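In: Build me a model from this:
(chains A and B)
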Amino acid sequence: MATYDLTPRIGPNLDRHLVFPLLEFLQERQLYPDEQILKAKIELLNKTNMVDYAMDIHKSLYRTDDVPQDMVDRRVEVVARLKALEDAAAPLVAFLQNPNAVQELRADKQYNLQMLNDRYQIGPDQIEALYQYAKFQFECGNYSGAADYLYQYRALCTNSERSLSALWGKLAAEILMQNWDIALEELNRLKEIIDSKSFSSPLNQVQSRIWLMHWSLFIFFNHDNGRTQIIDLFNQDKYLNAIQTSAPHLLRYLATAFIVNKRRRPQFKEFIKVIQQDQCSYKDPITEFLACVYVNYEFDGAQKKMKECEEVILNDPFLGKRVEEGNFSTVPLKDEFLENARLFIFETYCRIHQRIDMGVLFEKLNLNYEEGERWIVNLIRNSKLDAKIDSETGTVIMEPNQPNVYEQLIDHTKALQGRTYKIVGQLLEPAQAQPAR
Amino acid sequence: MASKFWTQGGSDTEEEETDIEDEIENGGAGETTAAAAGSRYLQTNASDSDDSDGQKRVVRSAKDKRFEEMASTVDQMKNAMKINDWVSLQESFDKINKQLEKVMRVTESDRVPNLYIKCLVMLEDFLAEALANKEAKKKMSSSNHKALNAMKQKLKKNNKQYEELINKYRENPESEEEKFEDEDEDESGSELEDPSQIAAESSDEDDEGEDMDDDDADGAWEKKLSKKEKLMDREFKKDPSEITWDTVNKKFKEVVAARGRKGTGKFEQVEQLTFLTKVAKTPAQKLEILFSVISAQFDVNPGLSGHMPINVWKKCVQNMLVILDILVQYPNIVVDDMVEPDENETQKGADYDGTIRVWGNLVAFLERIDNEFFKSLQCIDPHTREYVERLRDEPLFLVLAQNVQEYLERIGDLKSAAKVALRRVELVYYKPQEVYDAMRKLAELSEDGEKDGDETKVEETRGTSAFVVTPELVSRKPTFPENSRALMDILVTLIYKSGDERTKARAMLCDIYHHALFDEFSIARDLLLMSHLQDNIQHMDVSTQILFNRAMAQVGLCAFRVGLIAEGHGCLSELYSGGRVKELLAQGVSQSRYHEKTPEQERLERRRQMPYHMHINLELLEAVHLICAMLLEVPNMAANSLDAKRKVISKTFRRLLEVSERQPFTGPPENVRDHVMAATRALCKGDSQKAFDIINSLDVWKLLRNRESVLEMLKAKIKEEALRTYLFTYCSSYDTLGLDQLTRMFDLSDAQIHSIVSKMLVNEELHASWDQPTRCIIFHDVEYSRLQALAFQLTEKLSILAESNERAVEARTGGGGLDLPLRRRDNQEYAAGTAGGGGGRWPDLSYGQGRQGSSGRAAYTGGGRPLALGQASRDRSGQSRGYSGRAGSGMRGSQMDASARMVSLNRGVRG
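Out: Numbers count the residues shown, from 1 in each chain, chains lettered A, B, ... in the order given. Below is the predicted model of the structure:
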């Protein structure tokens, strides 16, 4: 089932540290041999400063107690460097740990810098050292420390480039600490900067957006509100374009979010077109499911895809998040997805049918008869479905849903008023602006 | 004696007279050599006078005539001086200067006739006199005065050239006078004294009197052309060891100076220069001369419309290769056309360490060679063997281009390298893999043959003992990757990185074309949309526009091949809307009934024609376009059978259909159009089999590579559309319709029919629903009362009104609201989707587009230049909704962000 695993495509767009959770997940799911994953982990750790962790993995991978010499050397080196950086950043850290002193800081950056320089002899060098220190802390795996220092660094830093990378670091640290609320805040801040900043080349901007979207997956599929927000973010034109050009695999997450979210119909239609268009560049069971239901109206195919979707969701590190409840763990998203997907099929099916044999229908929906009948009755009761069950013949009969002529007329003309107002507004705008001048 | 030597004209005078700019530098050089190798000087002079004297019998008459003319002009001047008429004096002066040139050419001597010098002296004196006489000056008429001043300037300038001679003359008017008289006698035609005179002259200074005799013995005036060559040969062959850089340089300057003059044989010049390359002393000099050879070879071209003779072209390519050899061999030589190098730069030998600058522009030469190749293909009749032969020269050029590009890359001139790469791209982009393979094989084959040729050539050069032997360092064999795509990728990447705007745009278009050729529709489409070429193609040059049209046509064909009918139609419809496909694709001149072209326009148009082998088959194109239109239009007509005018997808198709329907009776189909019309008639009745058979009988399909699969696809599409048409047409007659019956009728599987019908149901094209247990379609009758129908009409009119209001406001506020129409379109679509029933979806939109398109087109026909394809694509973005999402909204990647930013800026300004 590793065919639909996206880790190799997502990995390059993440920070090294962010890949760990993915690998952990894969290890748990046992999609790949253990050994391979452990090797990948060591590979990852090689460039970070988490040497101890690397040593542990090495031991468990080769089942020895010996550690290669270069790791030992590296450990010494890392410790030495940590010491050096700690010393360099010490004055500022000391200052920041003193609550009284921190009180003196104000909103004015210039003032703060001046004040630090005058009273505490803390100059740009120390501030720079703080950044390096925070980065080093992050690479050692001390995310909370890194997050704190980066936060304070941002308050003091004047270099916008540095500030941006500090923000990325903060986001990564918050994600790794699983502080989803704070992470979301950082994410939005970062997004604003990316959208407003003028990049040296548009390509860089697109690249930043891609990274942002990849990182945000952690947040959106863990945060309570994430599933609507992922649509808000990914479905913006700029971001959707970025997805289409550079990272079509993200369509899986957007598609899932759309399926799970019921209130997004207008955008959903647009999204179906995107799916249709990008079928050549990316497809997996989830997007194919949508194509079956909304493009080709192939309900048998949709049903098959639905089964595959289940597998995909279970094996996806973001979608397949488990919740432990008592003794057994569930994947909440899977259930929700299946429920909604079923509803999608059914809805579309009902739209084009007048009479449906329940047996056939339930087969298409992967339900047994009893369960299915209950489900339909519930739908009818909740007035989601305008239909009646004819149990003698075992069919569902749709009520004819002829749109009312008057409704149609109103629909036609409703927009006109708004548009006309808008024109008037446009016309008056310059007229009003002129007298003001 | 001395005076005679001087009057015969030393190197100085010669230089001065031939090449005014070189005067200063050369003075020094000439003098030193004159001292060092005086004897050779005499030789040169001697041979020159040989020329003039040896062929006296024939030359005399021409020479006489010239001298006579000159003398009469001098007389006129004298008269003018007498009456102080500066205006006529000025005219005469100009005239005499012209005559001087002629005289010099006829006599082929390098000395200025004494008559002329005398005249100059006379003029100078008179001028000084006139200027001194202030009173007389005041009395002059204004025009006369003006002429006097002009004369003063001219004379000053002119006399500078002959300063020395004039001084000589002033110093020693006697001898000059004497000589002048001699000349006079010459003129008067007294030949009696002449031979003795000449003999005296020649025996005076000629060491090689026998040469003259030789010439006399030859006596072949007809061979004059070759004689000169021979002379030169002799001149240099005599003492190869004595040939120095200066000799060659001098001769080189001389030959170059003759370029462009009347009477200079173009071929002859090439030969002379080619000879000089063999005797060039330093590599740099050889290079310099080679550049001139190539320029001279370009001159051979008879006119703008004609093309360079093919053998000359080939030699030209060889010369370029030699240039590259030299450049590779001596990396310290730099070719540059920005800086005027020092005169003696090329004197620096092969062992010189620093950089040597040589004037030249490799890219310009290469482009010229390519243009000539292109032109020759334009001119040659494509149905002859000659054309095929000519096409075989293509690898030759590709080798050259490849080498030039490699060289430029090596010296880091990436911008130029990109230009060269573009030339290569333009030779490759239109080739399908088969043709590409054929070319590759040809290149490998011809390589063997060429090698022999090269070897003999090398021997030849050795035979004439070239001083600078250039080994063949540059490979003479093109290296092609297996796959043309790979080649394209390499080249195009280079161009995208470092080309300028035009180069990039053209490369992009070629890239699109090539992708489309290889059935990569989605890539081609993405490139097209991402590059935003459709928006600014109208501001580009004509040939790029043609390339754009070609790319669009190819993309359309590609869309058809992969089964995207709507997209294919979108690409092609605009091409056919004006009925000038040939013109738009530059594949022939279409006659327009309404406006005559001026000859100028016609010539221009002929010059931009595509060579035959690059043509896109027009029949195939037409067939594809009409079939696409048929597949879209037939169900559309069936759906809106009541008001046919309502929604027209393809106007061209509708018009053709009307014409064919008006015919009293229809014969069997003959051309593409008839076939499609016949198929349309069958399809209208829902007879898919017949429709397919007719289409299948077209013989253009043999041009398709994957013919089977395309026809298969076409068959499926025809069946599908037949089903849709059938349902639209007869839905009112049925209450229920069984799925099985449809399956039987249209030979489609249950699932397919179910899918097609479901799609129609969901899109609310068909008011019906499935009855699943009985597997049939139940049609709902939706009948509006008269009042309701009128109310619908009213609402639609209202929305058209609102639309036009919006457009009017937009026009006033500067059309900044780019987001407005887009959102409106969405609204509408959404509204149409929810409301349904009404049937007419966004009719106003198509109306608007039609208007836009036609106005744009009208503007373009005025300019004599077509191309409305920019609009095509814009229209397309509206028509095929699949596109609108991308093309309209922010778009992908790089430029999109920029454009989005621009829009928001606009808004800021307005707000």
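
In: gap between A:D278 and chain B?
Out: To chain B, A:D278 is 9 Å away according to CB to the nearest CB, to the nearest Å. C-beta here means a position set from N, CA and C on the backbone, and glycine is covered the same way.

In: And the pLDDT for that residue?
Out: At A:D278 the predicted local confidence, pLDDT, stands at 79.

In: Contacts only, for B:L414.
Out: Residues near B:L414 by CB atoms under 8 Å, 6 or more residues apart in numbering or on different chains: B:408, B:494, B:497-498.

In: The same query, at a cut-off of 10 Å, please.
Out: Applying CB atoms under 10 Å, 6 or more residues apart in numbering or on different chains, one finds that B:L414 lies in contact with B:408, B:421, B:494-495, B:497-499.

In: Please determine how far it is located from chain A.
Out: Separation of B:L414 from chain A (CB to the nearest CB) stands at 18 Å.

In: so where's the stretch 101-250 of chain A shaky on pLDDT?
Out: A:101-108 (pLDDT under 70).

In: B:F373 versus B:T544, what's the distance?
Out: Distance of B:T544 to B:F373, computed by CB to CB, to the nearest Å: 19 Å.

In: Up against chain B, what does the stretch 51-200 of chain A have?
Out: Remark: the part of the stretch 51-200 of chain A in contact with chain B comprises A:195, A:198-199, using CB under 10 Å from any CB of the partner chain.

In: Which member of the contacts of B:L414 is positioned nearest chain A?
Out: Checking the contacts of B:L414 against chain A by CB to the nearest CB gives B:K497 as the nearest, at 12.7 Å.

In: That closest one - how many residues pack around it?
Out: Close neighbours of B:K497, defined as other CB atoms under 10 Å in any protein chain shown, add up to 11.

In: Let me know the helix or strand that it is in.
Out: Secondary structure assignment for B:K497, by DSSP states H and E: helix B:484-498.

In: residues of that helix that come out buried?
Out: Residues of helix B:484-498 classed as buried: B:484-485, B:487-488, B:491-492, B:494-495, B:498 (neighbour count, 16 or more other CB atoms under 10 Å in any protein chain shown).

In: In the stretch 401-550 of chain B, which residue sits closest to chain A?
Out: Nearest to chain A in the stretch 401-550 of chain B, going by CB to the nearest CB, is B:S522, at a distance of 4.8 Å.

In: Spit out the contact partners of that residue.
Out: The neighbours of B:S522, taking CB under 10 Å, 6+ apart as the test, are A:277-281, B:515, B:558-559, B:562, B:564.

In: Likewise for A:I37?
Out: Taking CB under 10 Å, 6+ apart, we find A:I37 in contact with A:23-24, A:26-28, A:30-31, A:57, A:61.

In: so which helix or strand takes in A:I356?
Out: Under the criterion DSSP H and E, the helix or strand holding A:I356 is strand A:353-357.

In: returning to what we had before: now, which of the contacts of A:I37 sits nearest B:I718?
Out: Distance from B:I718 was checked for each of these by CB to CB. The minimum falls on A:L31, at 46.1 Å.

In: quick one: that closest one from A:P248, how far?
Out: 22 Å.

In: residue ranges of the strands in chain A, please?
Out: Per DSSP state E, chain A has strands spanning A:323-325, A:328-330, A:353-357, A:387-390, A:395-398. These are given in chain order.

In: The last one and chain B, are they touching?
Out: Yes - applying CB under 10 Å from any CB, one finds strand A:395-398 in contact with chain B at A:395-398.

In: What subset of the residues you listed is buried?
Out: Neighbour-count burial (16+ other CB under 10 Å) applied to the residues of strand A:395-398 next to chain B gives A:395-396, A:398.

In: quick check, the helix of greatest length in chain A touching chain B?
Out: Ranked by residue count under DSSP state H, the longest helix found in chain A is helix A:405-436. Yes - Helix A:405-436 comes into contact with chain B (CB under 10 Å from any CB), by way of A:405-420, A:422-427, A:429-430, A:433.

In: Look at B:T544 and B:F373 and report which has more neighbours.
Out: B:F373 (24 against 16).

In: how far away is the more buried one from chain A?
Out: With distances defined as CB to the nearest CB, the gap from B:F373 to chain A amounts to 37 Å.

In: Show the backbone phi and psi for the closest residue to that residue other than its chain neighbours.
Out: For B:F373, the nearest residue in space outside its immediate sequence neighbours is B:F397; the separation is 5.8 Å by CB to CB, 6 or more residues apart in numbering or on different chains. Comment: the main-chain dihedrals of B:F397 come out as phi -70, psi -40, following degrees, to the nearest 10.

In: Enumerate every residue touching the closest residue to B:Y436 other than its chain neighbours.
Out: Nearest in space to B:Y436, with sequence neighbours left out and distances taken as CB to CB, 6+ apart, is B:S484 at 4.1 Å. With contacts taken as CB under 10 Å, 6+ apart, B:S484 has the following neighbours: B:428-429, B:431-433, B:435-437, B:439-440, B:514, B:517-518.
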